[in-house]
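# I need the structure of the sequence given here:
(one chain, ligands or ions: 2)
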Amino acid sequence: MTDTTIANSQYRRVLLKVSGEALMGQGSFGIEPGMVEMIADDIAAVSRSGVQVCLVIGGGNIFRGVAAAAKGMDRTQGDYAGMLATVINALMMQNALERAGIDTRVMSAIQMSAIAEPYIRRRAVRHMEKGRVVIFAAGTGNPFFTTDTAAALRANEMECDVLFKGTQVDGVYSADPRRHPDAQRYDSLSYQDVLARQLNVMDAAAISLARENALPIVVFDIHSAGAFPKVLRGEGRFTKIIETK
Ligand SMILES: Nc1ncnc2c1ncn2[C@@H]1O[C@H](COP(=O)(O)OP(=O)(O)OP(=O)(O)O)[C@@H](O)[C@H]1O
Ligand SMILES: O=c1ccn([C@@H]2O[C@H](COP(=O)(O)O)[C@@H](O)[C@H]2O)c(=O)[nH]1
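Ligands and ions are numbered 1, 2, ... in the order given. Below you'll find the predicted structure:
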């Protein structure tokens, strides 16, 4: 069934960055299938409304190169392992979306022809025009980056209207709210504010890439059912990062 309130949304094409960590649900590692299903149902509702959707999924629930490097692993090798973690998450999400009746394609930045299409920009656009949800896997394909940067990069390439970052927190705060419970949440901020105040909700490369194309970023908490359709309608708590004159 089409949600007409979403169908009337201001957005034509959007990229949702799904936190890898969110897929853990109540756990502390890996994937809780119920959580993937819940997020997939939300994505399905938005896709059915006619908004074109593409996804980048993090890998922090499985592997982060920087954490492995802190324990002595070669950073580059660790980053490749992290990118493979995002492929696992992408396949899980593809399966959940298909069970929800949504056509999907996984496109990987690292060639893996048995399980995913190679990333080709024009093909990705075409898939979305046909109503398929495209899941971009393996980040940028390069070490020393994150999936936030991959999300900003693909959102620019796909000419998305907005990048939604669905994460653990309900917006950008004056300091990390997990460590500073008294931190203040912002309703909106400029790219420059985020960079200058070192508000580490996203890495600087991602913010800079978004600023290049004046791509708005909306940070919201993805942990509850209906969170994605709700933020798309401009409801609930979130922070918008935009260019301010
Ligand atoms: N100023 C800030 N405002 C909001 N969150 C912040 C801030 N500084 C740091 N954070 C932290 O940033 C985290 C979100 O970014 P992070 O890259 O860790 O996760 P993610 O991208 O959602 O997950 P993954 O890397 O698994 O995909 C939040 O959980 C929060 O603790
Ligand atoms: O372009 C990229 C994207 C990711 N990585 C590595 O993968 C992990 C998981 O991604 P998160 O953004 O942390 O969820 C990341 O820590 C990197 O190790 C990468 O190298 N390049």
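# Which residues are in contact with Phe63?
Counting by CB atoms under 8 Å, 6 or more residues apart in numbering, Phe63 touches 78, 81-82, 84-85. To be clear about C-beta, it is placed using only N, CA and C from the backbone, and glycine gets the same treatment.
# can you do 6 Å?
81-82, 85 (CB atoms under 6 Å, 6 or more residues apart in numbering).
# Roughly how far does it sit from Ile31?
Look at Phe63 and Ile31: by CB to CB, to the nearest Å, they are 13 Å apart.
# Would you check that Glu37 makes contact with Ala96?
Yes - with contact defined as CB atoms under 6 Å, Glu37 and Ala96 form a contacting pair (5.1 Å).
# more crowded one of those two?
Set Glu37 next to Ala96 and count neighbours by other CB atoms under 10 Å: Ala96 wins out with 22 against 18.
# For that one, which non-adjacent residue is spatially closest?
Take Ala96 and drop its neighbours on the chain: the residue closest to it by CB to CB, 6 or more residues apart in numbering is Ala40, 3.5 Å away.
# hang on, that neighbour packs against Arg99?
No - applying CB under 6 Å, one finds Ala40 not in contact with Arg99, separated by 7.5 Å.
# When those two are compared, which one has more neighbours?
Neighbour totals were compared for Ala40 and Arg99, and Ala40 leads with 24 against 12 (other CB under 10 Å).
# List the contacts of the more buried one.
By CB under 6 Å, 6+ apart, the neighbours of Ala40 are 96-97, 100.
# again, but for Met24
Contacts of Met24 (CB under 6 Å, 6+ apart): Asn61.
# For it, give its distance to Met158.
The value you get for Met24 to Met158, if CB to CB is used, is 27 Å.
# One more: Leu55?
Taking CB to CB, one finds Leu55 at 11 Å from Met158.
# With Tyr186 instead?
When distance is defined by CB to CB, Tyr186 is 27 Å away from Met158.
# near ligand 1, which residues of the chain?
The chain has residues 19-21, 58, 60-61, 147-148, 167-169, 172-173, 175-178, 199-201 near ligand 1, with proximity defined as CB under 6 Å from any ligand atom.
# from these, which would you call buried?
By neighbour count, with 16 or more other CB atoms under 10 Å, the residues of the chain next to ligand 1 hold 19-21, 58, 60-61, 147-148, 167, 169, 172-173, 177, 199, 201 as buried.
# on that earlier part again, neighbour count for Leu55 and Met158, which is higher?
Leu55 (28 against 20).
# Just give the nearest non-adjacent residue to that one, would you?
Ile135 (4.7 Å).
# how distant is the helix or strand the one you found falls within from the center of its chain?
For Ile135, the host element (DSSP states H and E) is strand 133-137. Mean-position distance between strand 133-137 and its chain equals 10 Å (CA atoms, centre = their mean, to the nearest Å).
# Provide the contact partners of that strand at residue level.
47, 53-56, 86-87, 90, 93-94, 97, 102, 104-108, 116, 124, 127-128, 154.
# where's the nearest residue to Met128 once chain neighbours are set aside relative to ligand 2, distance?
Leaving aside its sequence neighbours, Met128 sits nearest to Gln52 (CB to CB, 6+ apart; 4.2 Å). Counting by CB to the nearest ligand atom, to the nearest Å, the gap from Gln52 to ligand 2 is 23 Å.
# So Gln52 is in contact with Arg13, correct?
Yes - look at Gln52 against Arg13 with CB under 6 Å: they come within range, at 4.0 Å.
# higher neighbour count, these two?
Gln52 (23 against 17).
# Could you list the low-confidence segments of the chain?
Under the criterion pLDDT under 70, the flagged ranges of the chain are 1-2, 4-5, 7-8, 245.
# how far away is the residue located most distally from the centre of it from Ile62?
Distance from the C-alpha centroid of the chain, by CA atoms, centre = their mean, peaks at Gly72 (28.6 Å). Gly72 sits 19 Å away from Ile62 when distances are taken as CB to CB.
# Thanks a lot, catch you later.
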